[in-house]
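Novice: Predicted model and sequence below, questions to follow.
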Amino acid sequence: MAFEVFDKRLTPLSKAPIVTIQKRGVMSLNRAAHALIGDAETVELLYDRDERIVGIRPVADDVPHGYPVRPQSATKSTGPLLIAGTAFVQYYGIDTTTSRRWTPTLRDGVLCIDMKEPGTPIVGNRARRGDREVDAE
């Protein structure tokens, strides 16, 4: 007989808004977080150095410093949406040694991630093969 360990990460994802900053700086928003900013196609990335808050705000598609919000999969209309934030996290020195997840708040139309909070470390769905861990990105 072979037992399997139940891993709660395999249960359905929460409908609460979630933002993840992955190891390489890519930001992912679940559909609930994306809905909070009006399902924006383009956003600008903001940072409050004093409060250590990352902001994501919708902007028009023609804004030069805007970042496109793209689905993780071009063939599915479900799953997270991605923002290429590598240069942003590097510029502001945001720690990405571990992928982390936060529950954002909405303030004046800006999706806010409080970096003073530790966030939840993420181990991806391809992790735990034997004793080694591999983050999914």
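Specialist: It's in. Residues are numbered from 1 along each chain as shown.
Novice: Can you spell out which helices and strands pack onto the strand or helix carrying residue 101?
Specialist: Using DSSP states H and E, the element containing residue 101 is strand 100-102. Packing partners of strand 100-102 (3 or more C-beta pairs under 8 Å, 6 or more residues apart in numbering; DSSP states H and E): strand 19-21, strand 120-121. The way it works is simple: take the backbone N, C-alpha and C, and place the C-beta from them, glycine included.
Novice: how close does the spatially closest residue to residue 71 that is not a sequence neighbour sit to residue 93?
Specialist: Sequence neighbours aside, residue 81 is the residue nearest to residue 71 in space, at 5.7 Å (criterion: C-beta to C-beta, 6 or more residues apart in numbering). Shown here: residue 81 relative to residue 93, a distance of 25 Å by C-beta to C-beta, to the nearest Å.
Novice: More neighbours: the two, which one.
Specialist: The neighbour comparison of residue 81 against residue 93 (other C-beta atoms under 10 Å) goes to residue 81, with 20 against 8.
Novice: so what pLDDT did the more buried one get?
Specialist: For residue 81, the model assigns a pLDDT of 94.
Novice: so what's it up against?
Specialist: Residue 81 is in contact with 28-29, 31, 34, 69-72, counting by C-beta atoms under 8 Å, 6 or more residues apart in numbering.
Novice: Give me the sheet partners of the strand or helix carrying residue 113 and which way each runs.
Specialist: Element membership for residue 113, per DSSP H and E: strand 110-114. Sheet pairing of strand 110-114 (DSSP bridges) gives strand 53-58 (antiparallel), strand 105-107 (antiparallel).
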